[in-house]
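Novice: Pasting the sequence and the predicted coordinates here, then a few questions.
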Amino acid sequence: MTTEKRQCDFNSPVCKRCYKPCAAMGGNTSNLSKHLSLAHPDLFKELKDRQVRTKKTSSSQPTISEVLSVTRKYERSSKEAKRLNRAVAEFICMDQIPISVVNKTGFRNLVEQLDKRYEMPRRKYFSEREIPTLYNETRSVLESQLSSQPYFACTTDLWTSRTVDSYMAVTIHFISDSWEMLSWCLGCAAMHSDHTGENIREVLEETVIQTWKLDMTRLSGITTDNASSNIKAFKEKSYHWVPCFGHNLHLAVNKATSLDRVASCLSRLRKTVCAFSRSNIMSRLLKEKQQLLHLPEHKLVHDEPTRWGSTFDMVDRFCEQQQAVCAALAENRNKWCLMPSDTDITTLETVREVLGPLSTFTDALCGEKETTLYSVIPVMWKILSHVQDSETDSVLSHSMKTEIRKDLEMRYSNEQLQILLNSATFFDPRFKNTFVTKEKEVIEVLMQKAATADLSHLSQQMDSTQAEQEEQTGAKKQKQDLGSLLSTIVSERKKKEVEKGDECQAGREYLQMPAADRLKKELHTYKTMEETSATESPLSLWKRHESSLPILSTFAKYYLCIPASSSASGRVFSTSGLICSPLRYRLSSDSVDTLVFLSKNLQLTKELRLSYFNLISSVFLLQNQNLTYVQCRFFFTFCLHNFSCSVPSSVFNKIVFN
């Protein structure tokens, strides 16, 4: 193979690609560029792009000071470092993360990748400085919420940790001035004594009175489970004790499932479920049978002894997968003993039929963001109507319904408890004429409370409301457009229509009347009001009628804040179980109390601050549109530091309208 040698003229420029000579005059390279653009267009475009990128890079080259500022760490006292330290502390508390995570290599690497200038402190800094500071700030927010000494209710429960340490959780529930249901965790205090009624009462009073400086006369009720120590601590004393609705329903259902025929059938079902949940071979075989029979590929459910709903879920899931389960057991001779009989299947279907309608009521009354005590009587009426005897009931179904009905009627037969439940239902405008069975007794109790209660705050509240309206009227003496004028006229017309039914309730003459006479007039007005839709919240209804029914609205806050279930305390212990994990068994009782308090209350604190800040900023900017940025920024900073969770209306109006 011969190689042809190219003849090059070294007296003129030569192209390195095609070895063709290019004419050039002196040092000018324009002919070379012209040759590249014609003979090699791709190479010419690439060279042009490279020149453009080189120019951009050279023009944006940072200075030495800029390079050093990027690599310099934040100072410990800088705003950025404090903000990031607080974010890490909130992450630890809100997500129940061990504090030692700040020493982990992976987490520190993650934080460094997010912000290279942030140098995260070690574990000791967060445990001794940042988290205690966060606890004090959150505690101050709750103290400001309780500074007005509202009517409140409590729930409490006992719990034993992995290290066999006893804790007592206390939660508080009250209705704010804006008629919002608020629920806070007061703490998870260690209990170093026996779980007797006297000790439980002492720990609760110490938490409420000494730790949080609350007035026990403002306590409207305590909700606990049916433990004998709780009954001795609160029911036998002067407290308004409310049994947990969920626990009552659980005990009543246990009476029905404890029947010999049902109990033996459930015992055999638990063994069958365990055979599939503990064997990989049986689990795979069940899945194959589900695919062949076109059944949902659901696993069997095992029940928990403390939750009757899990027993219903176990029975319901077996009835759904009955064919697949029997087919899987039939292929394994060693499992034939677990094959359910026809009698067992009939029994399980009866259990599902009786307990099915009750499964929705357990979780219906365990919410914390809405009032629930008023719905106990309507829900009880529904449950008792379901467990009434029917002609089509079998013998087993009749026995189960009888056990449930007798147990529930016995647990709600107490006269004081009935008056308390009727009072809460009476203050629900939707059910006051339908489900209240002891109206006379309720009115007598209200008359006694009106005679002994301090209602002086009602006159002060009316004076402050009138003063605020005068300030707003004086501040709004500006030119209004047609839309705002019409909206003002409509609101005034609606207000007059509400107050038209009882004009004597306005002004000084009404306030000078005896409390009993005022209460009678308000009761007459309230009972003549029409019942509204059941989908509307009773708190929103009382918020609209607070000015026309001041005494009844005060009593409404007293009764409606009582929770029907003690599930709030149970949720506290669920959080405590995540915090007291096997890797954190050496946590002290004070550390557990601090971390549980922050985990339950920190998110609510942030939501309160954000909502109040948005409200203040929006109204302030609307009323003061000519302020400079510096003035607005100063006002927002002032509000965040002084009104972090509650803004008194008089102070707020004075700042905004003056």
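Specialist: Arrived safely, thanks for sending.

Novice: I'd like to know how far the nearest residue to residue 531 once chain neighbours are set aside sits from residue 227.
Specialist: Leaving aside its chain neighbours, residue 531 sits nearest to residue 430 (5.4 Å; criterion: Cβ to Cβ, 6 or more residues apart in numbering). Where you see a C-beta, it was placed from the backbone N, CA and C, and this is true even at glycine. Applying Cβ to Cβ, to the nearest Å, the value for residue 430 to residue 227 is 33 Å.

Novice: now swap in residue 566 and tell me
Specialist: Here the criterion is Cβ to Cβ. By it, residue 566 lies 10 Å from residue 227.

Novice: so which strand or helix has residue 76?
Specialist: Taking DSSP states H and E as the criterion, no element holds residue 76; it sits outside all helices and strands.

Novice: What's the local residue count around it?
Specialist: Residue neighbour count, defined by other Cβ atoms under 10 Å, stands at 11 for residue 76.

Novice: just residue 419 next, same as before
Specialist: Counted with other Cβ under 10 Å, residue 419 comes out at 17.

Novice: Who are the contact partners of it?
Specialist: Residue 419 makes contacts with 438, 441-442, 445, as judged by Cβ atoms under 8 Å, 6 or more residues apart in numbering.

Novice: Is it correct that residue 536 is in contact with residue 430?
Specialist: Yes: taking Cβ atoms under 8 Å as the definition, residue 536 is a contact partner of residue 430 at 7.0 Å.

Novice: Which of these two has more residues huddled nearby?
Specialist: Taking neighbours as other Cβ under 10 Å, residue 536 and residue 430 compare with residue 430 leading, 20 against 11.

Novice: Would you check that the more buried one makes contact with residue 537?
Specialist: No: proximity of residue 430 to residue 537 does not meet the contact threshold set by Cβ under 8 Å, at 9.4 Å.

Novice: How far does the strand or helix carrying residue 404 sit from its chain's centre?
Specialist: Using DSSP H and E, the secondary-structure element containing residue 404 is helix 395-411. Offset of helix 395-411 from its chain centre (Cα atoms, centre = their mean, to the nearest Å): 35 Å.

Novice: what does stretch 401-416 give?
Specialist: The offset between the C-alpha centroid of stretch 401-416 and the centroid of the whole chain comes to 32 Å, using Cα atoms, centre = their mean.

Novice: Take that stretch, keep the C-alpha atoms, and write them as PDB.
Specialist: Taking Å, rounded to 0.1, in the frame of the first residue of the first chain, the C-alpha atoms of stretch 401-416 are listed here in PDB:
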ATOM      1  CA  LYS A 401     -77.200  -6.700  70.700                       C
ATOM      2  CA  THR A 402     -78.600  -7.300  74.200                       C
ATOM      3  CA  GLU A 403     -75.100  -7.300  75.800                       C
ATOM      4  CA  ILE A 404     -74.100  -4.100  74.000                       C
ATOM      5  CA  ARG A 405     -77.300  -2.300  74.800                       C
ATOM      6  CA  LYS A 406     -77.300  -3.200  78.500                       C
ATOM      7  CA  ASP A 407     -73.600  -2.200  79.000                       C
ATOM      8  CA  LEU A 408     -74.000   1.200  77.200                       C
ATOM      9  CA  GLU A 409     -77.200   2.100  79.100                       C
ATOM     10  CA  MET A 410     -75.500   1.200  82.400                       C
ATOM     11  CA  ARG A 411     -72.400   3.400  81.700                       C
ATOM     12  CA  TYR A 412     -74.500   6.400  80.800                       C
ATOM     13  CA  SER A 413     -77.200   6.000  83.600                       C
ATOM     14  CA  ASN A 414     -75.500   8.400  86.000                       C
ATOM     15  CA  GLU A 415     -77.800  11.400  86.600                       C
ATOM     16  CA  GLN A 416     -75.000  14.000  86.800                       C
END
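
Novice: quick check: mean pLDDT across it?
Specialist: Mean pLDDT, stretch 401-416: 93.

Novice: more crowded one of residue 566 and residue 227?
Specialist: A count of neighbours by other Cβ under 10 Å puts residue 566 above the other of residue 566 and residue 227, at 27 against 16.

Novice: My read is that that one contacts residue 158, right?
Specialist: No: checked against Cβ under 8 Å, the pair residue 566 and residue 158 is beyond contact range at 11.1 Å.

Novice: contacting residues around the helix holding residue 404?
Specialist: Residues outside helix 395-411 that contact it (Cβ under 8 Å, 6+ apart): 226, 243, 248-249, 251-253, 255-259, 261-262, 347, 350-351, 353-354, 358, 380, 383-384, 387-389, 393.

Novice: What of stretch 224-238?
Specialist: When contacts are taken as Cβ under 8 Å, 6+ apart, the neighbours of stretch 224-238 outside the stretch itself are 155-158, 195-198, 200-201, 204, 222, 241-244, 247-248, 251, 411, 566, 569.

Novice: Same question for that stretch: list its buried residues.
Specialist: Of the residues in stretch 224-238, those scored as buried under the neighbour-count criterion (16 or more other Cβ atoms under 10 Å) are 224-225, 227, 229-230, 233-235.

Novice: Same question for stretch 524-537.
Specialist: Buried residues in stretch 524-537, counted by 16+ other Cβ under 10 Å: 525-526.

Novice: Neighbours of residue 356, how many?
Specialist: Under the neighbour criterion other Cβ under 10 Å, residue 356 is assigned a count of 13.

Novice: that older thread, filter the contacts of helix 395-411 down to just the ones in helices.
Specialist: In this view, the contacts of helix 395-411 that belong to helices under DSSP state H are 248-249, 251-253, 255-257, 261-262, 347, 350-351, 353-354, 380, 383-384.
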